[in-house]
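Engineer: the following comprises the amino acid sequence and a computationally predicted model.
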Amino acid sequence: MTAPRQRPVQVVILAAGQGKRMKSVTAKVLHPLAGRPMICHTLAAAAGLRPQRIVLVVGVQSKLVQETVQAEARRLGLRPAQVSFALQRRQLGTGHAFLQAEKALGTARGDVVVLSGDVPAIRADSLRRLLRRHRSARAQATIMTAVLSDATGYGRMVRDAGGRLIERIVEHADATPAERAIHEVNCGIYVVERQLAFDAVRAGKRSNRQGEYYLTDLVHVLRGNGHKVIAHVHPDPEEVKGVNDRRDLARAGGLLQQRVLDGLMKKGVTVVDPQHTYVEASVVVGRDTILHPGVMLEGGTRIGRACQIRSGSRIVDSSLGEECEILDHCLLEESRLGRKVRVGPMAHLRPGSRLADE
């Protein structure tokens, strides 16, 4: 059997919307999760594909979104030329947003991975598996899907009679009762051949109830032209659920927080009560440290080996040497502690505090 085609890959991240159901003056993709804006998690997953280029389609609060993404790109080690932006001036749907990225992508052939900026829990490994599936099947488009017990609000995947190919995606608002009974849903993550993608979206129509250009219309157009469109079913629906409101934000935050804590525990950190411990993704904790219930570690905090952080303590942008003990209900802000320092209980170290080795 011939090996799957290895073509260049580029990424488009759709991040232009306000997110009306968030009921916020802040653009949806800027809401924080595990200490970082939502869009930063999606960007990190995209970077894991090592793409030639990542184009972010921005709209609401575009300047602030761009500044946030540029800072995260630097942290991830991406070259400035790898990340660019396209502006969607009018919110005319996901298809219209995707079209704004065409010029920024240039004329390079290959595969385009399309992501939604509001699916922050997606892992780079999941995207790599999607891309491998697309290439091994020699498909022209591959859509990541999931099976939900309650698919309300999601686009439904309509398969052909044999169940192998995707014929079309029907948005919930446009679905018939029979289509709404389908439990396989669109996750808003696609791989499409670059030379076909934009023409297919342009061929779509605004004949839906929302009066928008849907990115999902490319499926129907591609199938009508005889192209192969398949699904890649993700085994964990929680990873690929989007954030539409504050409840979704809390769910996604809980999932990302659990990943952070799992990572710490695998490296030898004891987390006494993971359900009541908050550690941001940027924090580093040394082996044999014990985090007691109610601990919060934020920002650029660095905790050395074999420390004890007792219940109810919050540490922000601070560094602790080895074998320190922070007793109950302390607040440390921008402070630096040496080795074997004992603080508390109920102490407040203000920014700039320095405590030498005991």
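Structural biologist: Structure received.
Engineer: ok, residues contacting the top helix by length along the chain?
Structural biologist: Identified as the longest helix of the chain according to DSSP state H is helix 246-266. The contact list for helix 246-266 (CB atoms under 8 Å, 6 or more residues apart in numbering) reads 22-23, 31, 33-34, 38, 41, 120-121, 238-239, 241-243, 271, 274, 277-281, 283, 285, 291. C-betas here are computed from N, CA, C, even on glycine.
Engineer: mark which of these are part of strands, please.
Structural biologist: Residues of those located in strands (DSSP state E): L33, V271, Y278, V279, V285, L291.
Engineer: and the residue nearest to the third one when sequence neighbours are not counted, how far is that from I315?
Structural biologist: On the basis of CB to CB, 6 or more residues apart in numbering, the spatially nearest residue to Y278 that is not a chain neighbour turns out to be M296, at 4.5 Å. Shown here: M296 relative to I315, a distance of 7 Å by CB to CB, to the nearest Å.
Engineer: so between these two, which is more surrounded?
Structural biologist: A side-by-side neighbour count of M296 and I315, using other CB atoms under 10 Å, places I315 first with 27 against 19.
Engineer: and the more buried one, what element?
Structural biologist: strand 314-316 (DSSP states H and E).
Engineer: which strands and helices lie in contact with that strand?
Structural biologist: Packing partners of strand 314-316 (3 or more CB pairs under 8 Å, 6 or more residues apart in numbering; DSSP states H and E): strand 296-298, strand 331-333.
Engineer: so which of those gets nearest F98?
Structural biologist: Among these, the nearest to F98 by CB to CB is strand 296-298 (35.8 Å).
Engineer: what would the helices and strands packed on strand 314-316 look like in a markdown table with mean pLDDT?
Structural biologist: Converted to a markdown table, the helices and strands packed on strand 314-316 look like this (pLDDT from 0 to 100):
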| stretch | mean pLDDT |
| --- | --- |
| strand 296-298 | 98 |
| strand 331-333 | 98 |
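Engineer: may I see the ones you listed arranged in TSV, with distance to R90 as well?
Structural biologist: Formatted as TSV, the helices and strands packed on strand 314-316 follow (distance: least, CB to CB, whole Å):
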stretch	distance to R90
strand 296-298	38
strand 331-333	43
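Engineer: and the residue nearest to L33 when sequence neighbours are not counted, how far from V260?
Structural biologist: Nearest residue to L33, sequence neighbours excluded (CB to CB, 6+ apart): G253, at 4.8 Å. Distance, G253 to V260, using CB to CB: 11 Å.
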